[in-house]
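> Can you look at this prediction? I've put the sequence above it.
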Amino acid sequence: MSLRAAILGFLAIVIAAAAAGAWWLYASRDALVKRAIERYGPQVTGVSVKVKAVKLEPMDGRGAITGLEIGNPTGFSAPHALTIGEVRLAVDPKTLTSDVVHVKEMSFEAPSITYERGAQGDNLSAIQKHIQSQLPKSRGSAEAKKDEGAPQRKFIVDHVQVRKARVSYGGVVNADLPDLHLRDLGKKRGGATAAEIADEIWSEVSRTAIARAPAAIEGLRDKAKDAVERLRGLVK
């Protein structure tokens, strides 16, 4: 075999291996993203994060995450602080490999939130505190990567929609939350880290859920009072 033939054969093997690797990455992208969410989600939130399935269409810039479950901090009894049937994403495909990824929309459909109080406060605030504790680390790690010459991955999110959210207060009373709409996350800073985006979204959701707690509890008291009055009417 000539040297030229050997070189061409070697190049053919390398190209075939690269093509196979690229196809494997493309075909496995959903599983890889699912694994990344379940690996890095707990680092940001301080609780377990599970995902049922991920479906991405990079060419269209669209995707969906189904069966997202965020666990409860230690000391609280409910198995989850938050479950979401589906998270829909719309991303500018041209920015997927850029330093700043442009997310056109994130839509959280029908979240189910559990609010609990314990000796050290409530579960939603506990998760919020952990997320905020990770913000300096997320910024620091990004800066470290920048110093090493690696691209600094950040995000700009045009719209975040939270639709048909429902809160369970201690498993005793349930209440619907108004739909939430956040705009231009990370835009003023030219991009925000994933932890910073998570902090902004969780802050608004938990603030709204906690703010509704007194009204929900008062509504439960009114129902209980009405039930007692009706019971008294029956025994007269």
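Cool, got the structure.
> who's in contact with W202?
Residues in contact with W202, defined by C-beta atoms under 8 Å, 6 or more residues apart in numbering, are 45, 124, 127-128, 131. C-betas here are computed from N, CA, C, even on glycine.
> Sticking with H159, tell me its helix or strand.
Assigning secondary structure by DSSP states H and E places H159 in strand 154-163.
> Kindly export that strand (C-alpha atoms) in CSV.
Provided in CSV are the C-alpha atoms of strand 154-163 (Å, rounded to 0.1, in the frame of the first residue of the first chain):
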residue,chain,number,x,y,z
LYS,A,154,-25.0,33.5,29.3
PHE,A,155,-28.6,33.9,28.5
ILE,A,156,-31.1,36.7,27.5
VAL,A,157,-34.7,35.7,27.9
ASP,A,158,-37.3,37.9,26.1
HIS,A,159,-40.4,36.4,27.8
VAL,A,160,-41.2,34.1,30.6
GLN,A,161,-44.8,32.9,31.0
VAL,A,162,-46.1,31.1,34.0
ARG,A,163,-49.7,29.9,33.3
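> and the helix or strand just after it, which strands flank it?
For strand 154-163, the succeeding helix or strand toward the C-terminus, using DSSP H and E, is strand 166-169. Note on strand 166-169: by DSSP bridges, its sheet partners are strand 100-115 (parallel), strand 173-176 (antiparallel).
> if we can go back for a sec, who wins on neighbours among the contacts of W202?
When the contacts of W202 are compared by neighbour count (other C-beta atoms under 10 Å), L124 ends up highest, at 27 neighbours.
> What residues does that one make contact with?
81, 113, 115, 202, 205-206, 209-210.
> of those, closest to V101?
Ranked by distance to V101 (C-beta to C-beta), the contacts of L124 are led by W202 at 19.5 Å.
> what would the strands paired with strand 166-169 look like in JSON lines with mean neighbour count and distance to Y40?
As requested, those are exported to JSON lines (neighbours: other C-beta atoms under 10 Å; distance: least, C-beta to C-beta, whole Å):
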{"stretch": "strand 100-115", "mean neighbour count": "19", "distance to Y40": "15"}
{"stretch": "strand 173-176", "mean neighbour count": "15", "distance to Y40": "31"}
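> Could you provide those in JSON lines, with additional columns for mean pLDDT and distance to T74?
Rendered in JSON lines, the data for these read as follows (pLDDT from 0 to 100; distance: least, C-beta to C-beta, whole Å):
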{"stretch": "strand 100-115", "mean pLDDT": "92", "distance to T74": "15"}
{"stretch": "strand 173-176", "mean pLDDT": "85", "distance to T74": "25"}
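> Tabulate these (JSON lines), appending distance to I197.
Below are those laid out as JSON lines (distance: least, C-beta to C-beta, whole Å):
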{"stretch": "strand 100-115", "distance to I197": "9"}
{"stretch": "strand 173-176", "distance to I197": "25"}
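> The ones you listed: which one's closest to V162?
With C-beta to C-beta, the closest approach to V162 among the strands paired with strand 166-169 belongs to strand 100-115: 4.7 Å.
> Good, wrapping up.
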